[in-house]
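Engineer: fold the following for me, if possible:
(2 chains)
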2 protein chains.
Amino acid sequence: MSQKANIDRVFHALGDPSRRAILEKLSEGPISVSRLAAPLDITLAAVVQHLQVLEESGLVRTEKLGRVRTCQIEPAGLSVAAQWIGDRRSIWERRFDRLGDLLAEPETTPAPLEEHPLLIA
Amino acid sequence: MSQKANIDRVFHALGDPSRRAILEKLSEGPISVSRLAAPLDITLAAVVQHLQVLEESGLVRTEKLGRVRTCQIEPAGLSVAAQWIGDRRSIWERRFDRLGDLLAEPETTPAPLEEHPLLIA
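Structural biologist: Presented below is the predicted three-dimensional model:
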């Protein structure tokens, strides 16, 4: 799976409030599917479907032990989302730092307008 | 707006690949709406709609300067998403650390099963 497809899947999975509620519960530790479903305001069938999306996107791992299927957070999936967000922030912040440097330049030596990398495109 | 509603809006906004493409472009710096739309494979009307969702979720700020509307990243929105992901990871990692401590305990002093905080629910 390409990195772009991977990012798409992860953010699609995180875009649903029920799936985020599942991840919030799973961050407390592994749990069986039926226990996971009990406090959620959706059917067991819906939970199973959401878990499938979460598993396909690498956010959750499920495992059948005997007759019980347990699920747990797969931190690699969260890392994909965290990395994408971190990249956007760091690119933006570097740009902001350059703006700060520019504003701190002595007024007597203004750069020519066409050389300013921070002009609005 | 409650924190939960805020998180819902941010992750809903991030769930769409076109909106993430817009954020990727905006992380390079402020840009006019028409320049933003040009390389994207969607109509200007669609871009405007996506920008509205991004603005309402606090991920983007737009501003009209004369006849040109420019848009830029609003880092507070990305922070909301980063915080939610970070919280999930840190809760999970603390649990993982406790599991490590448990496994490192001398075999001669096993804790009673009912006291193990890490048992699968």
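Engineer: any idea how far A:Glu74 lies from chain B?
Structural biologist: A:Glu74 sits 10 Å away from chain B when distances are taken as Cβ to the nearest Cβ, to the nearest Å. Using the backbone N, CA and C atoms, a C-beta is placed for each residue, glycine as well.
Engineer: so that residue makes contact with A:Thr62?
Structural biologist: No. The criterion here is Cβ atoms under 8 Å, and A:Glu74 misses it with A:Thr62 at 9.6 Å.
Engineer: count of neighbours near A:Ile42?
Structural biologist: Burial of A:Ile42 is recorded as 13 neighbouring residues (other Cβ atoms under 10 Å in any protein chain shown).
Engineer: contacts only, for A:Leu40.
Structural biologist: Residues in contact with A:Leu40 (Cβ atoms under 8 Å, 6 or more residues apart in numbering or on different chains) are A:18, A:21-22, A:25, A:47.
Engineer: got TSV for the residues you listed, with secondary structure too?
Structural biologist: TSV is the format used below for those (DSSP: H, G, I helix; E, B strand; the rest coil):
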residue	secondary structure
A:Ser18	helix
A:Ala21	helix
A:Ile22	helix
A:Lys25	helix
A:Val47	helix
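Engineer: ranking by neighbours, what's the top pick from these?
Structural biologist: Counting neighbours by other Cβ under 10 Å, the top entry in the contacts of A:Leu40 is A:Ile22, with 26 neighbours.
Engineer: wait, what's in contact with it?
Structural biologist: So A:Ile22 contacts A:36, A:40, A:47, A:50-51, A:54, A:60 (Cβ under 8 Å, 6+ apart).
Engineer: relative to A:Val80, how far out is it?
Structural biologist: If you measure A:Ile22 against A:Val80 using Cβ to Cβ, to the nearest Å, the figure is 17 Å.
Engineer: gap between the closest residue to A:Leu44 other than its chain neighbours and chain B?
Structural biologist: In space, and not counting its chain neighbours, A:Leu44 is closest to A:Ala37: 4.7 Å by Cβ to Cβ, 6 or more residues apart in numbering or on different chains. A:Ala37 is 12 Å from chain B, where distance means Cβ to the nearest Cβ.
Engineer: and A:Ala37, what does it touch?
Structural biologist: Applying Cβ under 8 Å, 6+ apart, we find A:Ala37 in contact with A:43-44, A:47.
Engineer: and A:Arg98, how far from chain B?
Structural biologist: Distance of A:Arg98 to chain B, computed by Cβ to the nearest Cβ: 10 Å.
Engineer: report pLDDT for the closest residue to chain B within chain A.
Structural biologist: Across chain A, the shortest distance to chain B (Cβ to the nearest Cβ) belongs to A:Gly15, at 2.4 Å. Turning to A:Gly15, the model gives it a pLDDT of 97.
Engineer: how about it, phi and psi?
Structural biologist: phi -70, psi -10 (degrees, to the nearest 10).
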